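Engineer: pasted the sequence and its predicted model underneath.
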Amino acid sequence: MKFSLKLNVLIALFAPFHLAIAQDQNAGICVVEADIDNIKNDRVAMKVFPPAFSKDTAIYNMPKIVPGTYSISDFGRFVHDFSATDTLGNPLEVIRLDTNRWAIANAPSLDHIAYKVSDTFGAPRGGGIFEPGGTNIEAGKNVLMNVFGFAGYFDDYKDAPFELRVKKPANFYGATSMKRKATSDSIDVFTAKNYFELHDCPILYCEPDTTSLQVANARVEVAVYSSDKIITSKEIMDEVTDIFEASALYLGGTLPVNAYTILVYLSNTNGSGGFGALEHNTSTVFVMPEAPMDALAQTFRDVTAHEFFHIVTPLNIHSEQIHDYDFVNPQMSRHLWLYEGCTEYAAHHVQVKHGLISLEKFLEVMQQKMVSASQYNTGIAFTEVSKKALGEHENQYGNVYQQGALIGMALDLKLRSLSNGAYGTQELMRDLAGEYGSEKPFPDDSLFDEIARLSGFPEMKNFLELHVADTVPLPFEALLPLAGITYKASLTEEVISGGSFGLGYNPRREKMVVLGTDRLDAFGKELGLRNGDELVSWNGVEITMDNAREVIQDFKQNTVPGKKAEVVVNRKNDDGTYKPTKLKAKTITVEQTRKHVLEPMESPSASQLELRKAWINL
């Protein structure tokens, strides 16, 4: 009986495609076919079979923009040879309305549309698309399928169920969080409840390199494509396991998803569209350079934490603009400070609260964000930046990761101070998620009222109106001392010089290198540092990527003026070879002004320590 049932299911799934597709169309399912087994000229052949139309004209849309990117992508640019066919196999008239839309005449007779897609990675400068939100097509090697770059949707059927059928090479595995209905050596069949879910589940196809782990109630999988086999999925999982475990505790021990997938594409090119990561509700796409794990470890940790916390915002906490997302004419929310800013804050807060980084490291990160935020236009309210992030204030968007995270910290401290440490952003996010959730958006204009109501502190509305909806600076001078942290907007002092040069990394030679010698001070000039010098040792201590900054900082803190310093570098000769060179100079002091100085108080009071303990568990 069991054998017979399984056989019938397989026959139904892998019957002649057209019969099965016709049945799905009649059931109101939109069927998408992608053939990555027969790639020609770096293009993938696509077919889309919609349910029946009653209107005379069908409109097919490719996304102009997708959630999480906050920039125009125009994926219709990568669509070629678009055609439509009726149920008798005859061509139908197609008119291209604009970059991303096509109109098909005599829609009630439409059987399917067909077209080919090229990848964004292969376009000049990545087509202007952030690479983690792009697509890559390399026959026989890999296909990075951010689905929104391959498939769109028909008007009236964005909320219909979708079935994605991928014809693939036998040696390819498709790593994804999308529901897998069936699989064989040649075909994968996935299902999605609507287009939003379809677009939101990227797939990485290549020879399998995956590692999975159970975290609380969720199965976490890491999948890697590395052309040079430099990093494996197990190495990445080993590096981020404690991040996931701490995040589960931070979120209350239960996660709002049952599966989460990290897709890692390691590139040996320059990354024309930009390296980084793009979040999805149940997955993350990384595009990073081919480099040793030591060079990428902390980036993987910080970015994994950030992207993973997006399972809270915006998956379970979002406004109407995100809930009913318009891929063609998007409407922006006022609350990027919540979606991106508080997520970025949580990514670092979880690490200090669960002992993965020190208090000093956490304060250093926040200090750097204060410095970076000051370089943006502080005269624009953050809600205004959010609403116009696609247009007038596009150049201010990067501040969501700086000022947005600082809003998260200020909000946390304010709530903790009002509640004697019992209530902060962790509890607030749980309450917001419980009140709303994935299927219930909040009205964009009422969020401040909801935070005041759910927290039980009416004054929080005024706090947010002043510091988020207006341009009043965040009151760190008042908030940080409550947790035993001193804050100084500016501090000038005499310090030992470290030469005042920039540090870079050469992944091919796995060496830290000197950059930016145009700002060398007297000590750096006396040493004779040059651009491209590889740092070998500093006062007898070997320099590595992991310790370079710490070794130089230790030198500056523990050396007296006038003492001789010796730095060994590998210097490139005219013939391209490198020669070890000893550089010597006497140490000197220089006047240094630091902005936004955060330091633990030497003798905090019992109440300050109590609030600090509630805030960061230290």
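Structural biologist: Thanks, I have it. None of the values given here were measured: they were computed from a predicted structure.

Engineer: may I have the longest helix anywhere in the chain exported as PDB, CA atoms only?
Structural biologist: Criterion DSSP state H: the longest helix present in the chain is helix 233-250. Only the C-alpha atoms of helix 233-250 are listed here, as PDB (Å, rounded to 0.1, in the frame of the first residue of the first chain):
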ATOM      1  CA  SER A 233      30.100  25.400   4.800                       C
ATOM      2  CA  LYS A 234      31.300  23.600   7.900                       C
ATOM      3  CA  GLU A 235      33.900  26.300   8.500                       C
ATOM      4  CA  ILE A 236      31.200  29.000   8.300                       C
ATOM      5  CA  MET A 237      28.800  27.100  10.500                       C
ATOM      6  CA  ASP A 238      31.500  26.600  13.100                       C
ATOM      7  CA  GLU A 239      32.100  30.300  13.100                       C
ATOM      8  CA  VAL A 240      28.500  31.400  13.500                       C
ATOM      9  CA  THR A 241      27.000  28.600  15.600                       C
ATOM     10  CA  ASP A 242      27.300  30.600  18.800                       C
ATOM     11  CA  ILE A 243      25.700  33.600  17.100                       C
ATOM     12  CA  PHE A 244      22.600  31.500  16.300                       C
ATOM     13  CA  GLU A 245      22.500  29.900  19.800                       C
ATOM     14  CA  ALA A 246      22.800  33.300  21.500                       C
ATOM     15  CA  SER A 247      20.200  34.800  19.100                       C
ATOM     16  CA  ALA A 248      17.700  32.100  20.000                       C
ATOM     17  CA  LEU A 249      18.200  32.900  23.700                       C
ATOM     18  CA  TYR A 250      17.900  36.600  23.000                       C
END
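
Engineer: who does that helix touch, helix- and strand-wise?
Structural biologist: Secondary-structure packing of helix 233-250 (3 or more Cβ pairs under 8 Å, 6 or more residues apart in numbering; DSSP states H and E): strand 210-215, strand 218-226, strand 259-267, helix 293-308, helix 343-353. From N, CA and C alone the C-beta is placed, and that goes for glycine too.

Engineer: tell me the buried residues in it?
Structural biologist: S233, E235, I236, M237, E239, V240, I243, F244, A246, S247, A248, Y250 (16 or more other Cβ atoms under 10 Å).

Engineer: what's the closest of the helices and strands packed on helix 233-250 to P50?
Structural biologist: With Cβ to Cβ, the closest approach to P50 among the helices and strands packed on helix 233-250 belongs to strand 259-267: 28.0 Å.

Engineer: and whatever helix or strand comes next after that closest one, which strands flank it?
Structural biologist: Downstream of strand 259-267, the next assigned helix or strand under DSSP states H and E is strand 276-279. Note on strand 276-279: by DSSP bridges, its sheet partners are strand 283-289 (antiparallel).

Engineer: show me which residues of the strand it pairs with are buried.
Structural biologist: For strand 283-289, the neighbour count (16+ other Cβ under 10 Å) marks S283, T284, V285, F286, V287, M288 as buried.

Engineer: separation between the first one and L204?
Structural biologist: Going from S283 to L204 by Cβ to Cβ, to the nearest Å gives 10 Å.

Engineer: what touches both of the two?
Structural biologist: T176, L263 (Cβ atoms under 8 Å, 6 or more residues apart in numbering).

Engineer: the residue lying closest to C201 once chain neighbours are set aside: what's it in contact with?
Structural biologist: Excluding the flanking residues, the one nearest C201 by Cβ to Cβ, 6 or more residues apart in numbering is M178, at 3.6 Å. Each residue near M178 by Cβ under 8 Å, 6+ apart is listed here: L164, F190, T191, A192, E197, L198, C201, I203.

Engineer: so how far is H199 from the fourth one?
Structural biologist: If I follow you right, that is A192. Where H199 is concerned, A192 sits at a distance of 8 Å (Cβ to Cβ).

Engineer: redo the helices and strands packed on helix 233-250 as CSV? Include mean neighbour count, mean pLDDT and distance to S374.
Structural biologist: Listed next are the helices and strands packed on helix 233-250 as CSV, based on neighbours: other Cβ atoms under 10 Å; pLDDT from 0 to 100; distance: least, Cβ to Cβ, whole Å:
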stretch, mean neighbour count, mean pLDDT, distance to S374
strand 210-215, 16, 94, 37
strand 218-226, 22, 94, 37
strand 259-267, 23, 93, 33
helix 293-308, 20, 87, 21
helix 343-353, 24, 94, 17
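
Engineer: my guess is Y250 contacts E427, does it?
Structural biologist: No. Using Cβ atoms under 8 Å, Y250 is not in contact with E427; the gap is 11.3 Å.

Engineer: what about D209, distance to F463?
Structural biologist: Relative to F463, and taking Cβ to Cβ, D209 is found at 48 Å.

Engineer: let me see the backbone angles for V31.
Structural biologist: phi -110, psi 130 (degrees, to the nearest 10).
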